[in-house]
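Enquirer: pasting the structure only:
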């Protein structure tokens, strides 16, 4: 299915999601609207950062007393962000067809951020929707903050690497000046500089948009479990049961082993097994393991989930603090190696024994 832009004779623009242009045209004709032009529309989809901005603006509009459809209509007309304005126009068209907000918003969101659309409780009262938006904003804020911390850690070392590469290029140019290999050496150094710059820009952009999630999932188990338990808590605040929340969790991850663990836990619970035999043991470390055992004896699973989330958050904060120190150190080591090679090439002729 594809998005289509529908222009009316009076200048009004709508967006519709359908199988074909003919189907969209038939829908409008069935409502008595004939004079319009239809063309395919490729929306710029919301990522983590823009989705958080949309949630924040929608939450503020609801907080001012507007209903959900009124809030989206208001943002479509008044938002200064053209992407969010177009998204709201498209959402209005889908809502008028009876499509749920979550389902409609998923079509306008990147695949990595789409699962966060399911955190919105659009079927309850305005207060329920406000609450779900608030916890969703917190989830996306945490995800973006982790990336922002790493971004701040690499900015200075990346600048040092840039300076080191420029020093190396200038040094090689001065040494090779007048030689036959001058142009070859210069073009090779510039190619290395451009490649390194592109890699740095891609890394900075990825971290700025909060897209460090994929490789953090692969590298750190504490990150995976911190994300899992915070999302479980958020999903349950929207009114889902533990099993229902678990069933949705694999959509938030790209790392296959954690997906398999979640599915295994879900189906074990569905089969009626005890909590301790359903969940992997490393999900509930230290005090949370005792709380889990107590839950099987008639206690409350909520305490075990809370203690596990707290423990994994502590471990993850230690790990991200370590990464904030390790990544700049590695970058500075690379920059130092480049500068050192330039210095050696400068002073090597002086060290040669006649």
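Expert: Received, thanks. None of these values were measured; they are calculated from a predicted model.

Enquirer: Just the residues contacting stretch 159-171, thanks.
Expert: Stretch 159-171 has contacts (Cβ atoms under 8 Å, 6 or more residues apart in numbering) with 186, 189-190, 192-193, 196-197, 200, 331-332, 334-336, 338-339, 341-342, 345-346. No exception for glycine: its C-beta is placed from N, CA and C like everyone else's.

Enquirer: Do me a favour and get the end-to-end distance for stretch 33-46?
Expert: 30 Å (Cα to Cα, to the nearest Å).

Enquirer: Tell me which residues are up against that stretch.
Expert: Taking Cβ under 8 Å, 6+ apart as the rule, stretch 33-46 contacts 2-9, 15, 21, 24-25, 28, 54, 83-84, 86-87, 90, 105, 108-110, 113.

Enquirer: In strands only, show me those.
Expert: Secondary structure from DSSP state E places 2-8, 15 of the contacts of stretch 33-46 in strands.

Enquirer: List only buried entries from those residues.
Expert: The neighbour-count test (16 or more other Cβ atoms under 10 Å) marks 3-6, 15 as buried among the ones in strands among the contacts of stretch 33-46.

Enquirer: could you dump those residues to TSV with distance to residue 59 and pLDDT?
Expert: Below are those laid out as TSV (distance: Cβ to Cβ, whole Å; pLDDT from 0 to 100):
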residue	distance to residue 59	pLDDT
3	25	84
4	29	80
5	28	78
6	29	80
15	23	81
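
Enquirer: Can you pull out the low-pLDDT segments for the stretch 101-250 of the chain?
Expert: 124, 176-180 (pLDDT under 70).

Enquirer: Show the residue spans covered by the helices in it.
Expert: 101-106, 126-176, 182-208, 213-219, 221-237, 242-248 (DSSP state H, counting those that start in this stretch).

Enquirer: How about the secondary structure of the closest residue to residue 224 other than its chain neighbours?
Expert: Distances taken as Cβ to Cβ, 6 or more residues apart in numbering place residue 258 nearest to residue 224, at 4.9 Å, with adjacent residues excluded. Secondary structure, DSSP: H, G, I helix; E, B strand; the rest coil: residue 258 is helix.

Enquirer: my read: residue 258 touches residue 231, true?
Expert: No - the criterion here is Cβ atoms under 8 Å, and residue 258 misses it with residue 231 at 11.6 Å.

Enquirer: Tell me which helix or strand residue 313 sits in.
Expert: When elements are assigned from DSSP states H and E, residue 313 belongs to helix 301-351.
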